[in-house]
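Visitor: got a sequence here, can you model it:
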Amino acid sequence: VQTLTIVSGGTGYATAPTVTIASPGTTGGKQATATCTIDGGGVVNTVTITYAGSGYETNPIVTLTGGGFTTSANITASIQQSNYIYYGQ
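Guide: Model (predicted):
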């Protein structure tokens with residue numbers, strides 16, 4: 001997993017929810033992990049990859065649980081590097 005993107009920060013979180021990234025589903029693959037934080041208004045405002053995992057062949061589904069939300073946040077994962085610098089000719 002290369003990037004996690006907050007599509008929607010949700011509302012009403014009392015505590016930061018638990019982030020679960022789906023298993024790669026391949027033999028020998030390792031599941032990625034991440035954490036997130038909320039701002040003073042109860043909105044998810046950061047998400048951090050703590051372990052990128054391995055063996056993913058498609059973008060995994062990210063699930064948030066807990067935190068006591070009013071509206072759930074939405075985070076997407078990508079296995080593609082999206083921000084790189086190309087030094088070519």
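
Visitor: for the chain, which strand is longest?
Guide: Using DSSP state E to define each element, the chain has its longest strand at strand 44-51.

Visitor: so what strands line up beside that one?
Guide: Paired strands of strand 44-51, with direction, are strand 33-38 (antiparallel) (DSSP bridges).

Visitor: pLDDT averaged over the strand it pairs with - what is it?
Guide: Strand 33-38 shows a mean pLDDT of 98.

Visitor: sketch out the low-pLDDT regions of the protein for me.
Guide: 81-89 (pLDDT under 70).

Visitor: show me which residues of the longest strand of the chain are buried.
Guide: Buried positions in strand 44-51, judged by neighbour count with 16 or more other CB atoms under 10 Å: 44-45, 47, 49. (Glycine included, C-beta is placed from N, CA and C.)

Visitor: from the residues you listed, which single one is nearest residue 75?
Guide: Using CB to CB, residue 47 comes nearest to residue 75 of those, at 5.6 Å.

Visitor: that closest one bridge partners, please.
Guide: Beta-bridge partners recorded for residue 47 (DSSP bridges): residue 36.

Visitor: quick check: the farthest pair among the buried residues of strand 44-51?
Guide: For these, the maximum inter-member distance is 15.8 Å, found between 45 and 49 (CB to CB).

Visitor: let me see the ranges of the strands in the protein.
Guide: Using DSSP E, strands in the chain cover 3-8, 18-21, 33-38, 44-51, 62-65, 74-78.

Visitor: and the longest one, how far from the chain's centre?
Guide: Chain-centre distance of strand 44-51: 6 Å, with CA atoms, centre = their mean, to the nearest Å.

Visitor: and what of stretch 41-56?
Guide: The answer for stretch 41-56 is 4 Å, by CA atoms, centre = their mean.

Visitor: same check, this time on stretch 36-55
Guide: On CA atoms, centre = their mean, the centre of stretch 36-55 falls 6 Å from that of its chain.

Visitor: contacts only, for the nearest residue to residue 26 once chain neighbours are set aside.
Guide: Nearest residue to residue 26, sequence neighbours excluded (CB to CB, 6 or more residues apart in numbering): residue 55, at 4.1 Å. Residues near residue 55 by CB atoms under 8 Å, 6 or more residues apart in numbering: 24-26, 28-30.
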